[in-house]
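Trainee: Whatever this is, show me its structure:
(one chain, ligands or ions: 1)
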Amino acid sequence: MSGFKATEYKVRCISCNFEIDDSAYPLECPNCTEPGFLRADYAKKQLNPGDESLGLYRFADWLPVKHMLKGSGAPITYKSEGLAQKLGLNNLWITFNGWWPEKGAVMKTGTFKECEAFSVLGRMGDDFTDVLVVASAGNTARAFARVCSENNIPLLLVVPRDNIGTLWFDSPINDNVKLICPDSGSDYFDAIVLSQLASNVEGYSPEGGAKNIARRDGMATTMLSAATTMKEIPEFYFQAVGSGTGAIAAWEANLRLIEDGRFGNRKSKLMVSQNIPFLPIYDSWQKRSPELVDLKPEDARSWAEAIDAKVLSNRKPPYSLKGGLYDALVDTDGEVLKVDNTEATRAAKLFHELEGIDISPAAAVSVASLIHDVEDKKIAAHQSVMLNITGGGMERFKAEHKLYYLEPSMIFPKESHPSEVEKKLKGLF
Ligand SMILES: [Zn+2]
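Mentor: A predicted model of the protein is given here:
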């Protein structure tokens, strides 16, 4: 879009505060040995959202972007009536990510992963010529595939073969986007391992996941949407978590909003939830330990199969590292909650009846956790609550559109040898 000036920011290590050259899209501090996040330090300390027609880029003051890509949507926030009344809450706000055009929500892939994709890819300049490698349980892949296809950016996706049914689109995906899969029976973590091997091949670069500042600040727009609509930082923040990156991002946005000065100085209590029996974050937090509990790969794979909210099955979330989920929970006096499939299904049905739109299984986990906490009287009627519906309107979108699926270019064994991956990926693009 014309007239857009690159956002001014510096990249700093949160451990040593060292300013890091951003030209090579760093993911780690060169000085620190302990793992920790980098963070963007924006020149504008006050956020002034642009017009809604800018999509996600209305929050460009606090996105590390050089240019705007076409086709983006921003999270929208509205005050709940139906669910709020049912739960006896007077101050329940829903931040909705997905497809609900009447409300102004136009994310065609149905989840807040689009916020990540438009932020990460909007940061990439013309100097970036490698093929970007993204591992995903499904939603992130769908978002990156659409944005890269429509904007002609080379992309290699790595998704477990059992999850490729999640790669649906309303138009065919161009061949600058390719998909490879670890074979049936593998999970998201196996996809991450394969993506690391792919990223080591010449001409391919890792997107970086939670370590990518653009990814976190893209997700942070959910909190920016909520706070600018509510005119304050909410007292509670509800979200289901797999990696917890969205919750970390919300916390980071919260810190910036305090610095802004116009939204109060509270820290939103992070109320994050997982789907039983896949509970590494829940189990670790029960011990109040920064150490992540050990998961046996076979247990993790079978638990991942057991949960309805497949996207929440991350075996190695960024929990322990400096600035990660443990620190975010400690700093906000947060809690980790757990919800089973039956409760989540019931919550999704209730949400549909009372608010009028379908929601993803992961979002249903967060709704169920809110219902729990209201029943347990942890939240008073007047307290302000932000419920982050991370995905919704997908069933509706799929019913309203002819769908196209992305097919894999190659299937790899559950565990691949680096040289085999290199041989196969040479010349794929
Ligand atoms: Zn450092």
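
Trainee: for the helix or strand bottoming out on mean pLDDT in the chain, packing partners?
Mentor: Here the helix or strand of the chain ranked lowest by mean pLDDT, DSSP states H and E is helix 297-306, holding a mean of 91. Here helix 297-306 touches helix 188-199, going by 3 or more Cβ pairs under 8 Å, 6 or more residues apart in numbering; DSSP states H and E. Every C-beta, even on glycine, is put in place using the N, C-alpha and C of the backbone.

Trainee: could you list every residue that touches the one residue in the stretch 51-200 of the chain that gets nearest to the ion?
Mentor: Evaluated by Cβ to the ion, the stretch 51-200 of the chain has P64 as its residue closest to the ion, separated by 18.0 Å. Contact partners of P64, counting by Cβ atoms under 8 Å, 6 or more residues apart in numbering, are 7, 9, 11, 22, 40, 119, 123, 213-214, 217.

Trainee: next one: R216
Mentor: 37, 210, 245, 248-249, 252.

Trainee: sorry, back to before: which ones among the contacts of P64 are found in helices?
Mentor: Among the contacts of P64, DSSP state H puts 119, 123, 213-214, 217 in helices.

Trainee: Quick one: those as JSON lines, columns for neighbour count and distance to W285 too.
Mentor: As requested, the ones in helices among the contacts of P64 are exported to JSON lines (neighbours: other Cβ atoms under 10 Å; distance: Cβ to Cβ, whole Å):
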{"residue": "S119", "neighbour count": "29", "distance to W285": "28"}
{"residue": "R123", "neighbour count": "24", "distance to W285": "32"}
{"residue": "I213", "neighbour count": "28", "distance to W285": "25"}
{"residue": "A214", "neighbour count": "23", "distance to W285": "27"}
{"residue": "D217", "neighbour count": "29", "distance to W285": "25"}
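
Trainee: show me where this structure has helices.
Mentor: Assigned by DSSP H, the chain shows helices spanning 82-87, 113-123, 139-151, 188-199, 213-219, 221-230, 245-260, 280-286, 297-306, 325-331, 341-355, 361-375, 394-400, 418-425.

Trainee: Touching the fourth one from outside, list them.
Mentor: Translated: helix 188-199. So helix 188-199 is contacted by 133-137, 156, 158-160, 163, 180-182, 204-206, 209, 242, 297, 300, 304, 313-316, 412, 414-416, 418, 421-422, 425 (Cβ under 8 Å, 6+ apart).

Trainee: Now do that helix, average pLDDT.
Mentor: In this model, helix 188-199 has an average pLDDT of 94.

Trainee: Now do it against helix 139-151, angle only.
Mentor: 40 degrees (axes from the mean of the first three to the mean of the last three Cα atoms, to 10 degrees).

Trainee: now the angle between helix 418-425 and helix 188-199, please.
Mentor: 70 degrees.

Trainee: shift numbering so it begins at 25
Mentor: Okay, using 25 as the starting number, the last item reads as helix 212-223.

Trainee: What residues of helix 212-223 count as buried?
Mentor: Using 16 or more other Cβ atoms under 10 Å as the test for burial, helix 212-223 gives 212-219, 221-223.

Trainee: do you know how far S77 is from K94?
Mentor: Taking Cβ to Cβ, to the nearest Å as the measure, S77 falls 12 Å from K94.

Trainee: check contacts around whichever residue of the stretch 225-374 of the chain sits closest to the ion.
Mentor: Using Cβ to the ion, K346 is the residue of the stretch 225-374 of the chain that sits closest to the ion, at 8.8 Å. K346 makes contact with 38-39, 58-61 under the criterion Cβ under 8 Å, 6+ apart.

Trainee: For those, which single residue is the most surrounded?
Mentor: Per-residue neighbour counts (other Cβ atoms under 10 Å) across the contacts of K346 peak at F61, which has 24 neighbours.

Trainee: Tell me the bridge partners for I100.
Mentor: F120 (DSSP bridges).

Trainee: OK, contacts around it?
Mentor: Applying Cβ under 8 Å, 6+ apart, the residues near I100 are 119-120, 124, 127-129, 249.

Trainee: which of those residues are buried?
Mentor: The neighbour count (16+ other Cβ under 10 Å) marks 119-120, 124, 127, 129, 249 as buried among the contacts of I100.

Trainee: For the residues you listed, work out which two are farthest apart.
Mentor: W124 and S249 (13.6 Å; Cβ to Cβ).

Trainee: Tell me the residues of the chain that contact the ion?
Mentor: By Cβ under 5 Å from the ion, the residues of the chain that approach the ion are 37, 39-40, 42, 53, 55-56.

Trainee: In strands only, show me the residues you listed.
Mentor: C37 (DSSP state E).

Trainee: Tell me the one of the residues of the chain next to the ion nearest L353?
Mentor: Nearest member of those to L353, counting by Cβ to Cβ, is S39, at 18.4 Å.

Trainee: thought the closest one was touching C56?
Mentor: Yes - at 4.9 Å, S39 and C56 qualify as touching, with contact defined as Cβ atoms under 8 Å.

Trainee: Thanks again, I'm all set now.
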